[in-house]
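Enquirer: Let me see the structure of the following:
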Amino acid sequence: MKKVLITGANKSIGFETARQLLQQGYFVFLGCRDLAKGNHAVEELKHEGLSNVAAVEIDVTSADSVAAARIEIGKKTNVLDVLINNAGMSGGLPQTALGATMDQFKTVYDTNVFGVVRVTQAFIDLMKNAPEPRIVIVSSSQGSLTLANDPGSQYYHFKGAVYQSSKAALNMYTTVLAYELRDSAFKVNAVDPGFTKTDFNNHRGTGTVEVAGNRIVKYAVLGQDGPTGLFISEELNPETGIIPW
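Expert: Numbering: from 1, shown residues only. Now for the predicted structure:
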């Protein structure tokens, strides 16, 4: 049975992604900052008949917490097939280039960028033991420099200096990571789940968590002939999914 770790998975898109992977026969380590909330989510999934799941406490902003999660998961398996870096934060509004505070930048970057680096580096050894390891980095089309500068883009007027720049930085990390792993069995992709209605955006989104989760799952279960090093947004490009960095 293949095993997957999903960060920020006790609610919203992360939770739905966990549900869909459980339905496909994966064992899910459901990562969450609050273990009580994680255990509640696990019970909800088990009530649906999805039992191959365990909550793992992991705060991606804490090196100690990430290290402890690595030890905990390592007690249960020496192979991790899929890592989905889903945990993220918006940083709130407003986020003007001239008005956003240093604390806003530091807080958002610590989760959206540094957190992904912490978790990826901590679990890469377990992933190297998998025959077909997959890393999905949950990004946003808001991190595309090309689209942010295109007046014809759907979300051109949605500007946030903190969140957008954090996702742009995350996209570059994805690019470099995919490059470093290019001669291995790894597949590494950045996936935009779309403008989804969750508490992340005060339920202003237009898409459903079911659709968003499915978009992520597609790149978690890629076959050997699947792509790597891509930036995907099926919301903006329904045909190929590929959007410009």
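Enquirer: for this protein, what spans make up the helices?
Expert: Secondary structure of the chain (DSSP state H): helices located at 12-23, 35-47, 63-76, 102-112, 114-127, 145-148, 161-180, 209-220.
Enquirer: List just the one of those helices that sits closest to Tyr155.
Expert: With Cβ to Cβ, the closest approach to Tyr155 among the helices of the chain belongs to helix 145-148: 7.2 Å. Placement of C-beta: from N, CA and C, glycine included.
Enquirer: Of the helices of the chain, which is nearest Arg134?
Expert: helix 209-220 (5.4 Å).
Enquirer: who does that closest one touch, helix- and strand-wise?
Expert: Contacts defined by 3 or more Cβ pairs under 8 Å, 6 or more residues apart in numbering; DSSP states H and E place helix 209-220 against helix 12-23, strand 82-85, strand 134-138, strand 187-191.
Enquirer: what residues are up against the residue nearest to the spatial centre of the chain?
Expert: Note on the chain: the residue nearest the mean C-alpha position is Asn86, at 2.4 Å, using Cα atoms, centre = their mean. Applying Cβ atoms under 8 Å, 6 or more residues apart in numbering, we find Asn86 in contact with Ile6, Thr7, Gly8, Ala9, Ile13, Gly14, Thr17, Val138, Ile216.
Enquirer: Name the nearest residue to the fourth one, sequence neighbours excluded.
Expert: This points to Ala9. Leu30 (4.5 Å; Cβ to Cβ, 6 or more residues apart in numbering).
Enquirer: Measure how buried that neighbour is and give me the count.
Expert: Look at Leu30: counted by other Cβ atoms under 10 Å, it has 27 neighbours.
Enquirer: ok, now how distant is it from Leu83?
Expert: Distance of Leu30 to Leu83, given as Cβ to Cβ, to the nearest Å: 13 Å.
Enquirer: same question, Ser12
Expert: 18 Å.
Enquirer: For the helices and strands packed on helix 209-220, give me a markdown table that also has mean pLDDT.
Expert: Formatted as a markdown table, the helices and strands packed on helix 209-220 follow (pLDDT from 0 to 100):
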| stretch | mean pLDDT |
| --- | --- |
| helix 12-23 | 98 |
| strand 82-85 | 98 |
| strand 134-138 | 98 |
| strand 187-191 | 98 |
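Enquirer: Let me see the contact set for the closest residue to Val209 other than its chain neighbours.
Expert: Closest residue in space to Val209, ignoring its immediate chain neighbours: Glu16 at 4.2 Å, by Cβ to Cβ, 6+ apart. By Cβ under 8 Å, 6+ apart, the residues touching Glu16 are Val209, Glu210, Ala212, Gly213.
Enquirer: Quick one: residues in contact with stretch 21-28.
Expert: By Cβ under 8 Å, 6+ apart, stretch 21-28 touches 1-6, 9, 18, 45, 50, 52-54, 81-82, 217, 220-221.
Enquirer: mind redoing it with 6 Å?
Expert: Met1, Lys2, Lys3, Val4, Ala18, Leu50, Asn52, Val53 (Cβ atoms under 6 Å, 6 or more residues apart in numbering).
Enquirer: Pick out whichever of these sits closest to Thr101.
Expert: Ala18 (33.9 Å).
Enquirer: Cross-check the contact I'm expecting between the closest one and Ile6.
Expert: Yes - assessed by Cβ atoms under 6 Å, Ala18 is found in contact with Ile6 at 5.5 Å.
Enquirer: now this structure, which segments are flagged as low pLDDT?
Expert: 198-206 (pLDDT under 70).
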